[in-house]
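A.B. asks: sequence below, structure please.
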Amino acid sequence: MDTRIATSFANRLKRNSDSKMRTRTKQIVFYPLTQGMLWAALAGCSAVGPDYVKPTMAVPSHWTYAPPTTQREDLSKWWQNLHDPQLTTLVEAALKNSPDLHAAEAKLREARARRDLAGGSRFPTLSAALSGSRTKTGAATGSGTTANLFSAGFDATWEPDIFGAQRRALEAAQADLQATQADLHDVQVSLAAEVALNYVELRSYQARLGIAQDNLKTQQETLQITDWRQQAGLATTLDVEQARTNLEQTRATIPVLNTSRIAAENRLAILLGKPPAALHDQLANPAPLPSVPDQVAAGIPADTLRQRPDVRAAERNLAAATARIGEQTAALYPSFTLSGNLGWKAMTVGALGDTGTAAASLLGSVMQSLFDGGRIRSTIRIQTALQEQALVAYRKTVLTALEDVENALAAYADNRQRQAALRRAVQSARNAAQLARQRYESGLIDFQSVLDSERNQFSSEDNLTNAEAEGLTSLISLYKALGGGWSETTDNVAGATQTSPASSESKQP
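C.D. replies: Down below sits the predicted model:
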């Protein structure tokens, strides 16, 4: 029934050629439009509240512990600099399948929808209605006849943004969207670093297990030699028991290292969105630690602040908080509302659209709060305090970013010196252990010297492996501190770079 009525009404309007009707309709339609243009002009006034200005901070011109260069390498896929295909595969899989990244993408879609919602509130609301009713009166109270009434029309409502409340709301929503997008990039940065750190940890535990097992074999040979010498009367039972103690202490480290290896393997699986032990077959075979580049081009501190997603997010949060001060301030001023109606009423469907059935109305209203107990001004003070908190958070984020890079650069430089010293120590410990066994077999030294040399060899080799892993950890921490792991040109999130031209602050400095 509704479809037939609507079709009949549309055909009726199309066939209507009455000139008076056309004139009347033009007056009904264009008068509100003319008034709307006036209100639109008024709506172009400046928005109340403070305009956002990005704060400035004193930033050093160079890093204290970085090489004397201002060059900066591409950090979007820094893990490729480690030349480990397995690591590259794991990082790229995590950037596609990580639950944390999927959650951040959902938050970005939410922020984009909220931005669109804020933008839509600036436009008029237009609705259409079509209805029909049948009324029958009783013979005792009326004529006993049946009457039909059909109506169709359009309703429009618009709240002109005279003092900029809606514009400030849109500005805040746009800044929130950009902050959420920066948060997504921060998740990418952290995720790539976490995968690399756990991968290095896994490989280091595999290497340390290999060292422990090699030393275990050597100590088993030492125990056997000592046992033979004791049977020949050339060594004492004390020497045998000391050799066995040394052997079992080394054997006891193997389960601990294996447990840590399994934990690192399972953490990698979770980061990739897989169940624990899902990567066991893929990572079971030991492999060397990734290689370390000879030098890292860290650029200058200003580059890092532009690259760091957390700094970008803090700056956009400050912009959003500033815009919301204006949004709350607009409540101190009058609000204006325009509403209009254009419709037709008739006893039959065929009569809808005739000159005599048309009716129109236009209503304008102004509302001003006269007394609210100070609630509006209190809300403004609350938002101003929130803006001050956002400013402090931004400055702290900048300082933390600078600290992260300086610490990582110092750790990276110092670890290289430590590794060089430990390599020399390992070589000396191996030579000493070999000489001690030879001299002991010749009866030139006591067994305690053999035990000490074997312990030193095991400790030196284990320390060197730890230092190599820590060197990679400091390098990964440096890449993370520099904001590596994402770029605007290689953003792998669909639609992540969509922005609205509504905000003058949409471009990041």
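
A.B. asks: skipping adjacent residues, who's closest to the residue most central in space within the chain in space?
C.D. replies: In the chain, the centroid-proximal residue (Cα atoms, centre = their mean) is Leu184; its distance is 2.0 Å. The shortest distance from Leu184 to any non-neighbouring residue, by Cβ to Cβ, 6 or more residues apart in numbering, is to Ala104 (4.3 Å). Bear in mind the C-beta positions are built from the backbone N, C-alpha and C, glycine included.

A.B. asks: sec struct for Thr329, please.
C.D. replies: Remark: Thr329 carries the secondary structure label helix [criterion: DSSP: H, G, I helix; E, B strand; the rest coil].

A.B. asks: any idea how far Trp213 lies from Asp462?
C.D. replies: That one is not Trp; residue 213 is Gln. Gln213 is 12 Å from Asp462, where distance means Cβ to Cβ, to the nearest Å.

A.B. asks: more neighbours: which of the two?
C.D. replies: Asp462 (18 against 13; other Cβ atoms under 10 Å).

A.B. asks: tell me the contacts of that one?
C.D. replies: Taking Cβ atoms under 8 Å, 6 or more residues apart in numbering, we find Asp462 in contact with Arg208, Ile211, Ala212.

A.B. asks: before we move on, the earlier item: the residue nearest to Leu184 - how many residues pack around it?
C.D. replies: Neighbours of Ala104 using other Cβ under 10 Å come to 21.

A.B. asks: report the separation between it and Asp186.
C.D. replies: Distance, Ala104 to Asp186, by Cβ to Cβ: 8 Å.

A.B. asks: can you check the pLDDT for Lys345?
C.D. replies: Looking at Lys345, its pLDDT stands at 80.

A.B. asks: would it count as being in a strand?
C.D. replies: Yes. Judged by three-state DSSP, Lys345 forms part of a strand.

A.B. asks: picking that back up, so of the contacts of Asp462, which ones are in helices?
C.D. replies: When DSSP state H defines the helices, the subset of those inside them is Arg208, Ile211, Ala212.

A.B. asks: could you verify my assumption that the first one touches Thr465?
C.D. replies: Put plainly, it is Arg208. Yes. If you go by Cβ atoms under 8 Å, Arg208 and Thr465 touch, sitting 5.3 Å apart.

A.B. asks: low-scoring pLDDT stretches of the stretch 401-509 of the chain, where are they?
C.D. replies: Low-confidence segments of the stretch 401-509 of the chain (pLDDT under 70): 489-509.

A.B. asks: so where do the strands sit in it?
C.D. replies: For the stretch 401-509 of the chain, applying DSSP state E, counting those that start in this stretch gives no strands.

A.B. asks: in it, which spans are helices?
C.D. replies: For the stretch 401-509 of the chain, the helices defined by DSSP state H, counting those that start in this stretch occupy 447-481.

A.B. asks: repeat that for the stretch 1-150 of the chain.
C.D. replies: Under DSSP H, counting those that start in this stretch, the stretch 1-150 of the chain gives helices at 2-15, 19-43, 85-97, 99-120.

A.B. asks: worst average pLDDT in the ones you listed?
C.D. replies: Here the lowest mean pLDDT among those goes to helix 19-43, at a mean of 41.

A.B. asks: isn't Ala330 up against Arg167?
C.D. replies: No. Using Cβ under 8 Å as the test, Ala330 is too far from Arg167 to be in contact (9.1 Å).

A.B. asks: need the overlap of contacts for the two.
C.D. replies: In contact with both Ala330 and Arg167: Ala47, using Cβ under 8 Å, 6+ apart.

A.B. asks: extract the CA atoms of stretch 153-173 and return them as CSV.
C.D. replies: Output in CSV follows, covering the C-alpha atoms of stretch 153-173 (Å, rounded to 0.1, in the frame of the first residue of the first chain):
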residue,chain,number,x,y,z
GLY,A,153,6.1,16.4,3.3
PHE,A,154,9.7,17.2,4.2
ASP,A,155,11.1,18.4,7.5
ALA,A,156,14.5,20.2,7.9
THR,A,157,16.4,21.2,11.0
TRP,A,158,19.7,23.1,11.2
GLU,A,159,21.7,24.6,14.0
PRO,A,160,24.0,27.2,12.5
ASP,A,161,27.5,27.0,14.0
ILE,A,162,27.7,30.8,14.8
PHE,A,163,30.3,30.5,17.6
GLY,A,164,32.2,27.5,16.3
ALA,A,165,31.2,24.8,18.8
GLN,A,166,30.8,22.3,16.0
ARG,A,167,33.9,23.4,14.2
ARG,A,168,35.9,23.0,17.4
ALA,A,169,34.4,19.5,17.9
LEU,A,170,35.4,18.6,14.4
GLU,A,171,38.9,20.0,15.0
ALA,A,172,39.2,17.9,18.2
ALA,A,173,37.9,14.8,16.5
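
A.B. asks: buried stuff in that stretch?
C.D. replies: Within stretch 153-173, the residues that count as buried by 16 or more other Cβ atoms under 10 Å are 153, 156, 158-173.

A.B. asks: next: stretch 355-369.
C.D. replies: Of all the residues in stretch 355-369, those buried under the rule 16+ other Cβ under 10 Å are Thr357, Ala358, Ala360.

A.B. asks: could I get those as JSON lines with secondary structure and pLDDT?
C.D. replies: As requested, the buried residues of stretch 355-369 are exported to JSON lines (DSSP: H, G, I helix; E, B strand; the rest coil; pLDDT from 0 to 100):
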{"residue": "Thr357", "secondary structure": "helix", "pLDDT": "76"}
{"residue": "Ala358", "secondary structure": "strand", "pLDDT": "81"}
{"residue": "Ala360", "secondary structure": "strand", "pLDDT": "85"}
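
A.B. asks: pretty sure Thr157 belongs to a strand, no?
C.D. replies: Yes. Under three-state DSSP, Thr157 sits within a strand.

A.B. asks: mind starting the numbering at 43 from now?
C.D. replies: Okay, using 43 as the starting number, the last item reads as Thr199.

A.B. asks: that one pairs with what?
C.D. replies: Thr167, Ser381 (DSSP bridges).

A.B. asks: my guess is it meets Pro166, correct?
C.D. replies: Yes. Assessed by Cβ under 8 Å, Thr199 is found in contact with Pro166 at 6.5 Å.

A.B. asks: between these two, which contacts overlap?
C.D. replies: With Cβ under 8 Å, 6+ apart applied, the overlap between the contact sets of Thr199 and Pro166 consists of Leu380.

A.B. asks: does the residue nearest to Leu226 touch Asp225 like I think?
C.D. replies: Yes. The pair Ala146 / Asp225 is scored as a contact, 6.2 Å apart, by Cβ under 8 Å.

A.B. asks: just give me the neighbour total for Ala340.
C.D. replies: Ala340: 27 surrounding residues under other Cβ under 10 Å.

A.B. asks: got the contact list for it?
C.D. replies: Trp105, Ala108, Pro109, Arg114, Thr346, Val447, Leu451, Leu520, Leu524.

A.B. asks: contacts only, for the fifth one.
C.D. replies: What it means is Thr346. Ala340, Ala443, Leu444, Val447, Ala523, Leu524, Gly525.

A.B. asks: make a markdown table out of these and add distance to Ala393.
C.D. replies: Below are the contacts of Thr346 laid out as a markdown table (distance: Cβ to Cβ, whole Å):
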| residue | distance to Ala393 |
| --- | --- |
| Ala340 | 80 |
| Ala443 | 73 |
| Leu444 | 77 |
| Val447 | 78 |
| Ala523 | 76 |
| Leu524 | 75 |
| Gly525 | 70 |
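
A.B. asks: now, which of those residues sits nearest Gln122?
C.D. replies: Ranked by distance to Gln122 (Cβ to Cβ), these are led by Leu524 at 15.2 Å.
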